[in-house]
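# Any chance you could fold what I've pasted below:
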Amino acid sequence: MVKAPKIRCALYTRVSSRQQMECDYNSLESQREKLEAYCQSQDGYVASKYYEDGGHSGSSLNRPGLNQMLSDIRCGLIDSVLVYKIDRLARSVRDFHTLVEVFEDYGVRFVSVTQNFDTSGPMGRLLLNILLDFAQFEREMIADRTQDKMQQRAQKGLWNGGIPPYGYTRNDKKLVPQSEEAATVRFMFDCFANDPSITRLRSQLQSRGLLPRSGKQWLKTSLSNMLHNPVYVGKVRSHGEVYEGQHEGIVQDGVFERVQALVPERTHASTRIDRTYRLKGLLKCGDCGSFMTPHYTLKRRKDGTVYRIFYYRCTKTMHFSNDVCRVRSVNADKIEESVLGELTELSRNERYLSKSISELNRDIERSIAPLLADEKLLKSRIAEIEAEIDRFVNAIGRGTMSVERLESEMESRERDRVLLQSQLDDLQQRIGHNTVAEFDVGIVRKNLADFRLAYEAVSPREQAEALQCILKEVTVFPDKIVMEIFDLPEFKRGSQKRTKKLPRLDSNQRPAD
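Residues are numbered from 1 along each chain as shown. The predicted model follows:
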C-alpha cells in the first residue's frame, strides 16, 4: 500500500506589539499551540517549520518571518500555510491578494484554522476576501478614531506626544521647558527679529556652539520651522488649527508675532516654472556629493521688465550655506548644452570611443567570472546529490537498505537538491543578465549620432526622457563634468533605462583625435 504524501505545513504567527508577545491571550505561544493542534488533527499534515513576527504590524509585508516563509515557498519547501486568523497574515485585501498569488504560483494552500477557510476552493477564497474587507474597514475606523482623539486633545491644549520640540522635555505626558534649550530658542527669536536672515542666524548659532540635539549643524528648514512653531508661545497646532496649550511658553508673544511677519513662508510660492529641466535627477555635485536641484532667480532689466535665469543648485547649499560647496550652482542652459555637446563629440572621437567600449567589455568579463565559478560549484554539488540518490535506489535493490530509511534519506536529499537548483536558477539568470554581446564601436557611434538628430526633433519633455535613457549620472566639478552613460541603443519614444553603462567619461581627459 502506497502511503499518501505528507503535507509540509508552515505555521505562521504574528502579534502587532511587544506587549502582546507577553500576554496569554493571542500571544505567539497561544497561536502556535492552536496551529500545532490543528496540524495533528489532520491526516498527512506535518509541522515543517515555524515562522513568527513579534511586534510587527500586519499593515506591511516587510516582516522578517513572512519574508523567510516566502523564500522557503519559492524553494519548494512548503505545501501549506497555516495561520490562527487571516488577519495574522495580512490586514489589507491588496496585500492578501499579493500573497495568495505567490501561494498559487507555487501550489501552496492557505488555511485559517479558527475560521475554517481553505483557499483550495472558490468559496473559501470568496469568504476570505469578505473577511479581509471587514478587517481593513476596522483598521481604517481605528485610524479615524485615533485622529479624532488627537484633535480633541489638541482642542484641550494637550500635547499629542512624539519627540518633544527643541526647547522642551517631557514630564508626565506634558511639555516642560528645558532650561538650556529654551535659552537657545529665545536667542533664535531675538536674533532673527533684529536681523531677519536664516543664513546669518545659522552662522550665529554655529559660532556660539549652539547645536541641535544631533550635535550636527542646523538645517535652514529646521530653523524656519522652529520660527513658525506656535508651541513656543504656549499653543498647540493640529490639522492647521492653533489652540491655547496647557504648557508654558518660552518666547514672548510680541517677539513671536514680529518674527512671523519677517519669516518667509516659502520661496516662489505662487510662481509656476514652465521650463523643462532636462537633467533633473541626473546632476550631482562633484565637490560635496549632493544632487543638484532645479532653481531659478529673477533679474530686472534696465527698462524695468523682469526675466528669469534658470540653474541647478547644489542641495547642500540650500540646507546650510554657500560656503559648504565650491560648485554651488551651474547655469541650466549651459550645462545642458555642454552635456549634449559631449555626447555628440563622443560619437566623432573614434579613439576614445574604442577605448571606452574595450573597457566595458573587459568589465563585463570580469563581473561574470566569479558567477561562472559559483555556477560550476552548484552544478557539481547537485550532481553529487543525484549520485547519492542513485546509490540509495541501488541499495534497495540489493536489500541493504530499508524502505523507511530510503524515504528519510530521499526526503533530505531532495530538499537539498531543490534548494541548490533554486540557487542555480537564480545564478544563471544573473549570468544571463550580465552576459551581453560584444559592443561594436561603429554601431555605438552611429546610434550616438542618431540620438542627436532624434533629440532635436522632439519636445523638451521628451528630450528630458531621452537623456534619462542614455545618461546614468553627470557629476559637475568646478572645472569639468564627468558623465556615466548607459549602453547606447537606438533612441525611440518611450525608451526605457538601460542597466549596462560605459566607463565614466571625463570632459577634461578625452584624448585628442
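
# mind listing the helices for the stretch 301-450 of the chain?
Secondary structure of the stretch 301-450 of the chain (DSSP state H, counting those that start in this stretch): helices located at 315-319, 332-348, 350-398, 403-434, 441-457.

# The stretch 1-150 of the chain now?
18-21, 28-41, 64-74, 86-89, 93-105, 122-155.

# what's the burial count for the nearest residue to Glu241 once chain neighbours are set aside?
Spatial nearest neighbour of Glu241, excluding adjacent residues (Cβ to Cβ, 6 or more residues apart in numbering): Ala154 at 7.5 Å. From N, CA and C alone the C-beta is placed, and that goes for glycine too. The number of residues packed near Ala154 is 20, by other Cβ atoms under 10 Å.

# and if you look at the one 3 residues further on?
Counted with other Cβ under 10 Å, residues neighbouring Gly157 total 14.

# I'd say it and Val242 touch.
No: using Cβ atoms under 8 Å, Gly157 is not in contact with Val242; the gap is 10.6 Å.

# Which neighbours do the two have in common?
Counting by Cβ atoms under 8 Å, 6 or more residues apart in numbering, the common neighbours of Gly157 and Val242 are Val236.

# Give me the number of neighbouring residues for Glu465.
By other Cβ under 10 Å, 19 other residues sit near Glu465.

# so which strand or helix has it?
helix 460-470 (DSSP states H and E).

# so where's the stretch 1-150 of the chain uncertain?
Scanning the stretch 1-150 of the chain with the threshold set as pLDDT under 70 gives 1-4, 17-26, 93, 116-125, 127-129, 131-132, 135-136, 139.

# coming back round to it: hey, which of the helices of the stretch 1-150 of the chain is tucked in deepest?
Looking across the helices of the stretch 1-150 of the chain with neighbours counted as mean count of other Cβ atoms under 10 Å, the highest average goes to helix 86-89: a mean of 22.

# quick check, distance from it to the centre of its chain.
Relative to its parent chain, helix 86-89 has a centroid offset of 25 Å by Cα atoms, centre = their mean, to the nearest Å.

# Can you spell out which helices and strands pack onto that helix?
For helix 86-89, the packing partners by 3 or more Cβ pairs under 8 Å, 6 or more residues apart in numbering; DSSP states H and E come out as strand 7-15, helix 93-105, helix 122-155.

# switch the cut-off to 10 Å
Counting contacts by 3 or more Cβ pairs under 10 Å, 6 or more residues apart in numbering; DSSP states H and E, helix 86-89 packs against strand 7-15, helix 93-105, strand 109-112, helix 122-155.

# How far off centre is the second one?
I take that to be helix 93-105. Helix 93-105 sits 21 Å away from the centroid of its parent chain (Cα atoms, centre = their mean).

# Pull the contacting residues for Asp190.
When contacts are counted by Cβ atoms under 10 Å, 6 or more residues apart in numbering, Asp190 touches Val251, Gln252, Val255, Arg258, Val259.

# where does the nearest residue to Glu244 once chain neighbours are set aside land in three-state SS?
Nearest residue to Glu244, sequence neighbours excluded (Cβ to Cβ, 6+ apart): Gly157, at 5.3 Å. What DSSP: H, G, I helix; E, B strand; the rest coil gives for Gly157 is coil.

# doesn't Gly249 make contact with Gly157?
No: Gly157 lies out of contact with Gly249 (Cβ atoms under 10 Å); the separation is 11.8 Å.

# got any residues that touch both of these two?
Counting by Cβ under 10 Å, 6+ apart, the shared contacts of Gly157 and Gly249 are Gly234, Lys235.

# quick revisit: give me the distance from the helix holding Glu465 to the chain's centre.
Averaging C-alpha positions (Cα atoms, centre = their mean) puts helix 460-470 24 Å from its chain's average.

# So which bits of that helix are buried?
Of all the residues in helix 460-470, those buried under the rule 16 or more other Cβ atoms under 10 Å are Glu462, Gln463, Ala464, Glu465, Ala466, Leu467, Gln468, Cys469, Ile470.

# Looking at these, which has the smallest pLDDT value?
Among those, Cys469 carries the weakest pLDDT, at 68.

# so what are the domain limits for this structure?
Per automatic domain parsing, the domain ranges recorded for the chain read 7-140, 168-262, 275-291+331-513.

# between the ones you listed, which one is nearest to Cys325?
Between Cys325 and the domains of the chain, the shortest separation by Cβ to Cβ is 4.6 Å, and it involves domain 275-291+331-513.

# Which of the helices or strands spans the nearest residue to Lys284 once chain neighbours are set aside?
Leaving aside its sequence neighbours, Lys284 sits nearest to Thr475 (Cβ to Cβ, 6+ apart; 4.9 Å). Take DSSP H and E as the rule and Thr475 turns out to sit in strand 471-476.

# Distance check, Ser408 against Gln42.
According to Cβ to Cβ, to the nearest Å, Ser408 and Gln42 sit 22 Å apart.

# Over to Pro177?
Distance from Pro177 to Gln42, counting by Cβ to Cβ: 63 Å.

# same question, Gly107
18 Å.

# same deal with Asp190?
According to Cβ to Cβ, Asp190 stands 74 Å off from Gln42.

# One more: Val458?
63 Å.

# just Glu407 next, same as before
20 Å.

# repeat for His56
For His56, the distance to Gln42 equals 28 Å [Cβ to Cβ].

# repeat for Asp479
According to Cβ to Cβ, Asp479 stands 74 Å off from Gln42.

# With Glu345 instead?
Computed as Cβ to Cβ, the Glu345 to Gln42 distance reads 72 Å.
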